[in-house]
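**Student:** one predicted model, sequence on top.
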Number of protein chains: 2
Amino acid sequence: MRVYRLPSTYDGEEEITLKGKEAHYLTNVLRLKAGSRLLAQDCNGVRYQGVITASASASCTIRLTVAGDTSASTDALPSYEEPFTPLVLLLCLLKGRKEEQVVRQATELGVGKIVLVSSEYCTVRLDKKNPRTRFSRLEAQITEALQQSGSRVPTTLLDRVLDLRELAEWWAGRGPLLFLHQSSRTRSKDLSTYAKTFDPNAPIGVLIGPEGGFSEKECVFLEKAGFLPVFLKSNILRSETAAIYALGSLQELLHR
Amino acid sequence: MRVYRLPSTYDGEEEITLKGKEAHYLTNVLRLKAGSRLLAQDCNGVRYQGVITASASASCTIRLTVAGDTSASTDALPSYEEPFTPLVLLLCLLKGRKEEQVVRQATELGVGKIVLVSSEYCTVRLDKKNPRTRFSRLEAQITEALQQSGSRVPTTLLDRVLDLRELAEWWAGRGPLLFLHQSSRTRSKDLSTYAKTFDPNAPIGVLIGPEGGFSEKECVFLEKAGFLPVFLKSNILRSETAAIYALGSLQELLHR
């Protein structure tokens, strides 16, 4: 069930009138009309049964009453209701727009945690003048994607860039960690084969290389750390395509 | 095996020297060095065994000899070698950049045919002044993606926009046609369930709705036409994410 996140200014009022982009979202994207019901949640996690009382393209009024998780109903779009596999996306630094795109799409998909990684072939370096800008931009993408997708997984972004060589220590064996490499490794298996052996309720890491992939030295390091080389049953893909391909396929294979 | 597409100016010379972007691609992206071998193909489909004779970041010289498909070898990155399922992407019109992104990524993945579709909730209309601009931009994306991905599937774009109501007639039952809808239809199944019943060598259509999905009337029409509603085991996704999720998952499920 899709949950509408109320603006942070909402403070328990019986009625709220939304304007502009927010109103557009409810009336044009979700296509809710006067009388439509929706499930809403405020920034403290309190859930409300909402009923649209007035709706126009630039304004939308909702009457709200506190509701339990189970008693509320919605006319908004339903989505997959089962538990999500806790996916961790380890993404080698990409150029600005591509990186934002992957972060946004991974959030939509319900990835639990996103971690930026720097590796040998990364051509992108963090801005030394203002290293926080990158994180702020990505955080904004996550917030917007959470709102739009109605994802119930609160995606978080690690607040620093990991060096590939730190990865084994940071990951600390919390579950299988897959890495996608452009050339086939002797031990490479496809996602379906791996998925059969995975516990869908335990964390799974997915490491996506930069354009140009990983160096031979890095591949050896990753394999020694016990990480699992993946062979995709497709063409050689760009990082941003490989990421969504792999995350989506894992959900399709692991979610019941 | 990755095949390098020679520039259209190549006319059978024994040696070719590439400059700029093309040289960068071979030396920096594929990381080929002097002595590295690669498989090349000219615009007539003739294949060559190439050997890099000189390589720098802004210039790369290749010696070429005509080769059969089987005798040539390459140090460039390998990719999936088995036959590709003939996927047809039926994409409802999206806003410019998103549409280009999906077309580019679908080409990378080796989708055989891409068709633009207009439907009730499409907010994008073709430019009446210059309807060809959209197609030219998309064609350019396809050409570049074919080159970069080394895809052996010659992706084509239908040269007009189909109306959703024409779809049944145009498709003419050439295989199963899946449509992704945001709300679950009574008959919806997930991709894995459908994939089990599909012939991986026959065409499979994947229809992706616009933002806002399909109207109830359209869903009824699509189901009456025998098209198959799909339920993704994820959140509600934007069109551009759903497209790559579905195409990638199908390859993972159908390719051996």
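**Tutor:** Perfect, I can see it now. Numbering: from 1, shown residues only, chains lettered A, B, ... in the order given.
**Student:** tally of neighbours for residue A:186?
**Tutor:** 6 (other CB atoms under 10 Å in any protein chain shown). Any C-beta I mention is one placed from the backbone N, CA and C, and that applies to glycine too.
**Student:** same check, this time on residue A:146
**Tutor:** A count of neighbours around residue A:146, defined by other CB under 10 Å, yields 20.
**Student:** repeat that for residue A:23.
**Tutor:** Residue A:23: 18 surrounding residues under other CB under 10 Å.
**Student:** for it, pull up the helix or strand it's in.
**Tutor:** Here residue A:23, judged by DSSP states H and E, is contained in helix A:20-24.
**Student:** for the following helix or strand past that helix, what is the distance to the chain centroid?
**Tutor:** Later in the chain than helix A:20-24, the nearest helix or strand by DSSP H and E is strand A:37-41. Offset of strand A:37-41 from its chain centre (CA atoms, centre = their mean, to the nearest Å): 22 Å.
**Student:** let me see the mean pLDDT of strand A:37-41.
**Tutor:** Averaging pLDDT along strand A:37-41 gives 84.
**Student:** just the buried residues of that strand, please?
**Tutor:** Neighbour counts over strand A:37-41 (16 or more other CB atoms under 10 Å in any protein chain shown) mark A:38, A:39, A:40, A:41 as buried.
**Student:** could you say what helices and strands it packs with?
**Tutor:** strand A:3-5, strand A:47-56, strand A:59-66 (3 or more CB pairs under 8 Å, 6 or more residues apart in numbering or on different chains; DSSP states H and E).
**Student:** among those, which comes closest to chain B?
**Tutor:** For chain B, the closest of these is strand A:3-5, at 11.1 Å, according to CB to the nearest CB.
**Student:** give me the contact list for that closest one.
**Tutor:** By CB atoms under 8 Å, 6 or more residues apart in numbering or on different chains, the list of residues contacting strand A:3-5 from outside reads A:26, A:38-43, A:47, A:50, A:76, A:146-147, A:150, A:152.
**Student:** kindly report the same for stretch A:148-160.
**Tutor:** With contacts defined as CB under 8 Å, 6+ apart, stretch A:148-160 is touched by A:2-4, A:25, A:29, A:76-77, A:79, A:84, A:103, A:106-116, A:135, A:138-139, A:142, A:145-146, B:235-238.
**Student:** so, low pLDDT: which residues of the stretch 101-250 of chain A?
**Tutor:** By pLDDT under 70, the low-scoring segments of the stretch 101-250 of chain A are A:127, A:129, A:182-185.
**Student:** around chain B, which positions in it sit nearby?
**Tutor:** Neighbours of chain B within the stretch 101-250 of chain A, by CB under 8 Å from any CB of the partner chain: A:101, A:105, A:108-110, A:148-151, A:153, A:182-184, A:190-192, A:211-213, A:231-238, A:240-241, A:244-249.
**Student:** any quick ChimeraX command for the buried ones out of those residues?
**Tutor:** Of those, the buried ones can be selected in ChimeraX as follows, counting by 16+ other CB under 10 Å:
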select /A:101,105,108,109,110,148,149,150,151,153,182,183,184,190,191,192,211,212,213,231,232,233,234,235,236,237,238,240,241,244,245,246,247,248,249
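**Student:** mind listing which of the residues of the stretch 101-250 of chain A next to chain B are in helices?
**Tutor:** If you go by DSSP state H, these have A:101, A:105, A:108-109, A:148-149, A:191-192, A:240-241, A:244-249 in helices.
**Student:** ok so, going back, in JSON lines, list the contacts of strand A:3-5 along with distance to residue A:63.
**Tutor:** Below are the contacts of strand A:3-5 laid out as JSON lines (distance: CB to CB, whole Å):
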{"residue": "A:26", "distance to residue A:63": "13"}
{"residue": "A:38", "distance to residue A:63": "11"}
{"residue": "A:39", "distance to residue A:63": "13"}
{"residue": "A:40", "distance to residue A:63": "11"}
{"residue": "A:41", "distance to residue A:63": "16"}
{"residue": "A:42", "distance to residue A:63": "15"}
{"residue": "A:43", "distance to residue A:63": "19"}
{"residue": "A:47", "distance to residue A:63": "15"}
{"residue": "A:50", "distance to residue A:63": "7"}
{"residue": "A:76", "distance to residue A:63": "15"}
{"residue": "A:146", "distance to residue A:63": "24"}
{"residue": "A:147", "distance to residue A:63": "21"}
{"residue": "A:150", "distance to residue A:63": "20"}
{"residue": "A:152", "distance to residue A:63": "24"}
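**Student:** ok, those vs chain B, which is closest?
**Tutor:** Out of the contacts of strand A:3-5, the member with the shortest distance to chain B (by CB to the nearest CB) is residue A:150, at 5.9 Å.
**Student:** show me which of the contacts of stretch A:148-160 are buried.
**Tutor:** Buried among these (16+ other CB under 10 Å): A:2-4, A:25, A:29, A:76-77, A:79, A:84, A:103, A:106-116, A:135, A:138, A:142, A:145-146, B:235-238.
**Student:** closest to residue B:11 among the contacts of strand A:3-5?
**Tutor:** In terms of CB to CB, no member of the contacts of strand A:3-5 lies closer to residue B:11 than residue A:146, at 54.8 Å.
**Student:** hmm, back to that, list just the nearest of the contacts of strand A:3-5 to residue B:167.
**Tutor:** Checking these one by one against residue B:167 (CB to CB), the nearest turns out to be residue A:76, at 27.2 Å.
**Student:** contacts for stretch A:242-252?
**Tutor:** Residues contacting stretch A:242-252 (CB under 8 Å, 6+ apart): A:84-85, A:87, A:89, A:91, A:102, A:105-106, A:109-111, A:178, A:180, A:191, A:195, A:204, A:206, A:208, A:230, A:232, A:234, A:237, B:109, B:190-192, B:232-234, B:241, B:244-249, B:251-253.
**Student:** now do the residue nearest to the spatial centre of chain A against residue A:242, distance only.
**Tutor:** Geometric centre of chain A, nearest residue: residue A:107, 1.8 Å, by CA atoms, centre = their mean. Residue A:107 sits 17 Å away from residue A:242, going by CB to CB, to the nearest Å.
**Student:** which SS class is the nearest residue to residue A:202 once chain neighbours are set aside?
**Tutor:** Nearest residue to residue A:202, sequence neighbours excluded (CB to CB, 6 or more residues apart in numbering or on different chains): residue A:175, at 4.6 Å. With DSSP: H, G, I helix; E, B strand; the rest coil as the basis, residue A:175 sits in coil.
**Student:** residues in contact with residue A:175?
**Tutor:** Taking CB under 8 Å, 6+ apart, we find residue A:175 in contact with A:198, A:199, A:202, A:203, A:204, A:205.
**Student:** hmm, which of these are the buried ones?
**Tutor:** A:198, A:203, A:204, A:205.
**Student:** residue A:171 is in contact with the third one, correct?
**Tutor:** Translated: residue A:204. No. The criterion here is CB atoms under 8 Å, and residue A:204 misses it with residue A:171 at 11.0 Å.
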